[in-house]
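In: The sequence isn't on hand, but the structure is:
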């Protein structure tokens, strides 16, 4: 049995990852969280109360075992990454860092590739997450892992994750507003986006931990969708006309309201053996589910 540590695993795709690994039955799983959310896994999973940002607490988690795989879903700054690099030195065979599509700027080009942001040459700063934007925090964390870690690291770049269990309710926002006839602010309906389902994200993270893949790797469902096509789909599922506006107010702003296309090329992962789901198959079904709620 592999000894697996998951930093952050009680919500959304972190929770899905635990469930996926339990179903596989090949791992002894330990989840480390601050304890704010009850652990819904019973006695099958060991729970450690750990504040990821407190060096001594993370050290205690690191020293519990010799870990085969560490999954880090809650690293948002260079200093947090430096803590991990130091504390897991000699204590893990593989480190899976959940990064983000956000390391790339939107509109630079279609089908962003791993080489379009190179963390191995990126200048490292110091600070916790409150010093950086989300984008810069993830860039900095990748740079630390790629330049300073003594153990193999894969930086999984994930786009917006969708699912019925999305506590941020980003897709729900659009379905509810169309159903209620409320305005949605979108600056560019022609902008194309990629997404990943929460179950697929969990499956990918599990694969990334078990495979030999290292370095930055993009993860997203096959195919993309324009925001206009997305709204057409929601209209067809709700039977209502979307009230779209380019005037983006604080209340009406779409969580998907990018000004330019923003999606990734996933050839690296596909060529390494991972089979992504088809966005055109699962997204309509998900919208169906949300429209019925």
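Out: It's in. What you see is a predicted model; the values in this text were computed from it and never measured. Residues are numbered from 1 along each chain as shown.
In: Endpoint to endpoint, stretch 128-140 covers what distance?
Out: 10 Å (C-alpha to C-alpha, to the nearest Å).
In: Can you give me the buried ones in that stretch?
Out: Across stretch 128-140, burial judged by 16 or more other C-beta atoms under 10 Å covers 129, 132, 136, 137, 138, 139, 140. Just so you know, the C-beta spots here come from the backbone N, C-alpha and C atoms, and that holds for glycine as well.
In: Which residue ranges make up each domain of this structure?
Out: Partitioning the chain according to automatic domain parsing yields domains covering residues 2-159+196-218, 165-193+223-260+280-292.
In: among these, which is nearest residue 271?
Out: domain 2-159+196-218 (9.9 Å; C-beta to C-beta).
In: what mean pLDDT would you report for the closest one?
Out: On average, the pLDDT along domain 2-159+196-218 is 95.
In: Which parts of the stretch 51-200 of the chain are strands?
Out: 69-72, 95-100, 153-158, 160-162, 183-185, 192-193, 195-197 (DSSP state E, counting those that start in this stretch).
In: Turn those strands into CSV, columns for distance to residue 272.
Out: Converted to CSV, the strands of the stretch 51-200 of the chain look like this (distance: least, C-beta to C-beta, whole Å):
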stretch, distance to residue 272
strand 69-72, 17
strand 95-100, 14
strand 153-158, 10
strand 160-162, 21
strand 183-185, 38
strand 192-193, 24
strand 195-197, 17
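In: Out of these, the one nearest residue 87 is which?
Out: That would be strand 69-72 among these, by C-beta to C-beta, at 10.0 Å.
In: That closest one pairs with which strands?
Out: If you go by DSSP bridges, strand 69-72 pairs up with strand 2-7 (parallel), strand 95-100 (parallel).
In: Can you give me the distance of the residue nearest to residue 82 when sequence neighbours are not counted to residue 222?
Out: Counting by C-beta to C-beta, 6 or more residues apart in numbering, the nearest residue to residue 82 once its immediate chain neighbours are dropped is residue 144, at 5.5 Å. Using C-beta to C-beta, to the nearest Å, residue 144 is found at 31 Å from residue 222.
In: For the two, indicate the residue with more neighbours.
Out: Set side by side, residue 144 and residue 222 show more neighbours around residue 144, with 27 against 14, by other C-beta atoms under 10 Å.
In: so what's residue 32 up against?
Out: When contacts are counted by C-beta atoms under 8 Å, 6 or more residues apart in numbering, residue 32 touches 5, 6, 7, 8, 9, 47, 48, 49, 50, 52, 58, 61.
In: Distance to residue 234 added to the residues you listed, as TSV?
Out: Converted to TSV, the contacts of residue 32 look like this (distance: C-beta to C-beta, whole Å):
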residue	distance to residue 234
5	39
6	33
7	35
8	30
9	31
47	38
48	41
49	41
50	40
52	36
58	42
61	42
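In: Where helices are concerned, which of the residues you listed count?
Out: Counted as lying in helices by DSSP state H, out of the contacts of residue 32, are 58, 61.
In: Now rank the contacts of residue 32 by neighbours and give me the top one.
Out: Ranked by neighbour count (other C-beta under 10 Å), these have residue 9 at the top, with 29 neighbours.
In: Is the residue nearest to that one when sequence neighbours are not counted part of a helix or strand, or is it coil?
Out: In space, and not counting its chain neighbours, residue 9 is closest to residue 31: 4.1 Å by C-beta to C-beta, 6+ apart. Three-state assignment for residue 31 (DSSP: H, G, I helix; E, B strand; the rest coil): strand.
In: what's the neighbour count on residue 31?
Out: When neighbours are counted by other C-beta under 10 Å, residue 31 comes out with 24.
In: same deal with residue 290?
Out: The tally of other residues near residue 290 (other C-beta under 10 Å) stands at 22.
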